[in-house]
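1. sequence first, then the predicted structure:
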Number of protein chains: 2
Amino acid sequence: MSPSPSSRGSGGRQPFELSGSESLAAVATGERTVSEIVGGLVERVRQVDGEIGAFRICDADAVLRLAKDLDDTVAGPLWGLAVGVKDVIDTADLPTGYGSPLFADHRPAEDARAVATLRRAGAIVLGKTESTEFAMYQPTRTRNPVDPARTPGGSSSGSAAAVAAGMVPVALGTQTAGSVVRPAAYCGVYGYKPAWGWSSTDGIWRLSERLDTLGMFARTVADLELLHRALVHESHGGPSRPTSQRRPTSLPRRAAVLSAGSWGDVDHDVLEALDRVAGRLEDAGWRVSELVMPHTWHRLPEHHQTVMAVEVAKNLHAVLGPRVELISDGARRIVEHGDALPAREYLGALEATEEARNHLVPLAEATDVVLAPSALGVAPLGLDATGDPVMCRAWTLLGVPAANVPFHRRGDGLPVGVQAIAPHYDDPAFLGDLSSLETALSQEESP
Amino acid sequence: MSPSPSSRGSGGRQPFELSGSESLAAVATGERTVSEIVGGLVERVRQVDGEIGAFRICDADAVLRLAKDLDDTVAGPLWGLAVGVKDVIDTADLPTGYGSPLFADHRPAEDARAVATLRRAGAIVLGKTESTEFAMYQPTRTRNPVDPARTPGGSSSGSAAAVAAGMVPVALGTQTAGSVVRPAAYCGVYGYKPAWGWSSTDGIWRLSERLDTLGMFARTVADLELLHRALVHESHGGPSRPTSQRRPTSLPRRAAVLSAGSWGDVDHDVLEALDRVAGRLEDAGWRVSELVMPHTWHRLPEHHQTVMAVEVAKNLHAVLGPRVELISDGARRIVEHGDALPAREYLGALEATEEARNHLVPLAEATDVVLAPSALGVAPLGLDATGDPVMCRAWTLLGVPAANVPFHRRGDGLPVGVQAIAPHYDDPAFLGDLSSLETALSQEESP
């Protein structure tokens, strides 16, 4: 059910086969109208989303009207780009339910800042994609497009599935633990979590102010760059050290492989995927080394859980008040845990994070990209859970850019994600390295 | 026992009668040698400190040797300035005990950044002044120079007393709750707590990273400005809004009086001092109004206690380990309280502080200086406690500049402090306003 992006022109291909950049080019050159592109995608949703359930809302008539309007106006750098928007991100024209029955009928007064920015640039919101309850762990009805018996992962379940199934070329998600990189890995697409603070989170459900990050799904690195350029703050407030100057592209790229076994039981499939990616990169002239985990990183997943539980509890109490009794059992357990945590543990976790951050400085000198598991294995069977975010926690806590790279598939066709992580906070430099990595992995395998 | 600063030349006056600026001028013009100035101060210490106990360490021979060396070299903008240094601030040549018997024999390897800066500028550390235990509440042996039966206040007990008794023209202190402004009020000198983050706290005992502020004592505003200029960071990391542009000095200064009764039972003496200062300012052409406390400020003293207890507990555990059992009962109660506080209360206090900060913006538009009590009353009788810092907690938590203004004395001669607070974070602008205030208060009383 996956579309195959290519660098050919759009001629002869269905809209759902086009990447975002390709569809923009087709519209800009007059080869396709916005209505043709969007009409093709709406048709794709009609055909496949009954089984997948990626969209909470996709109002075909309204979307086609928007497309028709855009046909009559040249409208900015994202003219006619169709975007899926995770349902924890406010939209003024569409209900926004934050994945919770408590907000089933909620209609925000305004677009989230990111949505308004995309719309101003000419993008069309194709619909709202399913989110787990408050972007935590209570699953959606969404199925994995690669195997409908499996979870697409969460919490950005619908966005990952929609992009994987070609219903949209790109979609917005959010990551507080592993909510972009993990579903991207399970569904076999790129999922990108930029540096913390890179873009506005105004109008996005707040779980944790120190962790929440707007992210995106796409099938090509060029599309990640497209969305990043459109949404990045002029000067963002994230942690700024180490700042990285990308090494001249004439020099060989350097990758460091971190097996991260101390964070969880990584399946053989994942280690094989890491090996294969490393091998392909070496074939393409990259320098690949092994990274021994600094001792200050070992407990980062625990520290992440501490920070997240405390902030989630505080924010859910603040927004829900007594209705906090009505959330799912799983969410309530997190709130209760967060309520009980002493301030000194919370501050201890933040200090340990700062210590861990210090190890990024020498690492950024020595390597361009860290490669690590995106998840413990392939998408788990069943829809009653969304998988374990443990392989993403540390990177979200450190606030460094991280992406799932969809390259390897297991014998049975299931995607096995490899995570690429920047040892610095410079998204444009890292996206450049991701693009080099995409090129290296797309070369023919050496004999 | 108090010296009387004046604007006359230094001729004929004893070194202990000179302000810091006067002593600098006397040395720079060759009117006095550094040895004469410092010799006079060491003699003053000999005469009066037996009763007062402001200095933990003042090694006359060593200090006179340093002075002798300085006589042979012109050495920077603070050439020959004698400074008292609170014993929670590291000095490489003198023991630093942090007010605790646990560190009675401690000798730091390096000067604190602030001490090194002063020394490079030509200042002489006359000695280490007594601090309460870890700059908290367990009193020192220091007596109030105005009335030896009373506390000088704390935690910068020795610095306040030393400046009040003319043993040094200026001294360094630190404030985490009310440890500069309160003892300055009790002893009748200027005590200045600049904006949070204005200067380095490297090498200063850490109680609370969000509250600890280097401060200073002096008998004139010019001396506060002198030390501020010498020690201020190039660009400091404190809260930066609202930034204030000082109104043209041709426009009348504006003061707003806050009685702050909701924070504690303020004595009649203090309200009288506030009235008298307000009246004198009006006589001098200031516009004086009454400030009704914004509702978000009412609980700031509680929030301060929450933040302080949590951070004190964390930091004392980190530095003392199992020796935390050996601290005073009072300090241990704070640690136990901080240990038990849930993270959500700590974060709630920080958020409430941010809300309270928002009220500074309109206030800074409408007024130049807020006037409020420095303490609940005059220095309490007895040496078994150092008085209540409640009138300083909110300002320290907000991180705004605040100063004790020593103008009013009660019928029995005891100083009654009035606190001047900046509704912004611009120390140089506020010091300018303090200087105007000093001038206004030094004018002859109108009939």
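-> In hand now; what should we look at? As the structure is a computational prediction, the values presented were derived from the model and not from experiment.

2. can you pull the residues of chain A lying near chain B?
-> The interface of chain A toward chain B, taken as Cβ under 8 Å from any Cβ of the partner chain, is made up of A:310-311, A:313-314, A:317, A:338-348. Every residue, glycine included, has its C-beta placed from N, CA and C.

3. between those, which is nearest B:Ala26?
-> A:Leu347 (49.0 Å; Cβ to Cβ).

4. list the contacts for that closest one?
-> Residues near A:Leu347 by Cβ atoms under 8 Å, 6 or more residues apart in numbering or on different chains: B:Val310, B:Glu311, B:Lys314, B:Tyr346.

5. quick check: which element contains the closest residue to chain B within the stretch 101-250 of chain A?
-> Of the stretch 101-250 of chain A, the residue with the smallest distance to chain B, taken as Cβ to the nearest Cβ, is A:Glu209 at 9.3 Å. When elements are assigned from DSSP states H and E, A:Glu209 belongs to no helix and no strand.

6. helices of the stretch 301-447 of chain A, residue ranges please.
-> If DSSP state H, counting those that start in this stretch is used as the criterion, the helices of the stretch 301-447 of chain A fall at A:329-340, A:343-358, A:360-366, A:390-398, A:427-442.

7. burial count for A:Ser259?
-> Neighbouring residues of A:Ser259 were enumerated by other Cβ atoms under 10 Å in any protein chain shown; the total is 18.

8. A:Ala331 now?
-> The number of residues packed near A:Ala331 is 21, by other Cβ under 10 Å.

9. grab the nearest non-local neighbour of it.
-> Distances taken as Cβ to Cβ, 6 or more residues apart in numbering or on different chains put A:Met136 closest to A:Ala331, at 5.4 Å, once the chain neighbours are dropped.

10. do I have it right that the one you found meets A:Leu207?
-> Yes - between A:Met136 and A:Leu207 a contact is recorded at 7.2 Å, counting by Cβ atoms under 8 Å.

11. so where's chain A shaky on pLDDT?
-> Across chain A, the ranges flagged by pLDDT under 70 are A:1-9, A:234-246, A:445-447.

12. make it 90
-> Where chain A drops to pLDDT under 90, the residues are A:1-12, A:73-75, A:233-250, A:443-447.

13. tell me where it has strands.
-> All strands of chain A, identified by DSSP state E, fall at A:55-57, A:82-86, A:124-129, A:170-175, A:190-193, A:213-218, A:254-257, A:287-290, A:369-373, A:402-409, A:415-421.

14. turn those strands into JSON lines, including mean neighbour count.
-> Converted to JSON lines, those look like this (neighbours: other Cβ atoms under 10 Å in any protein chain shown):
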{"stretch": "strand A:55-57", "mean neighbour count": "21"}
{"stretch": "strand A:82-86", "mean neighbour count": "30"}
{"stretch": "strand A:124-129", "mean neighbour count": "28"}
{"stretch": "strand A:170-175", "mean neighbour count": "30"}
{"stretch": "strand A:190-193", "mean neighbour count": "30"}
{"stretch": "strand A:213-218", "mean neighbour count": "29"}
{"stretch": "strand A:254-257", "mean neighbour count": "20"}
{"stretch": "strand A:287-290", "mean neighbour count": "14"}
{"stretch": "strand A:369-373", "mean neighbour count": "24"}
{"stretch": "strand A:402-409", "mean neighbour count": "25"}
{"stretch": "strand A:415-421", "mean neighbour count": "27"}
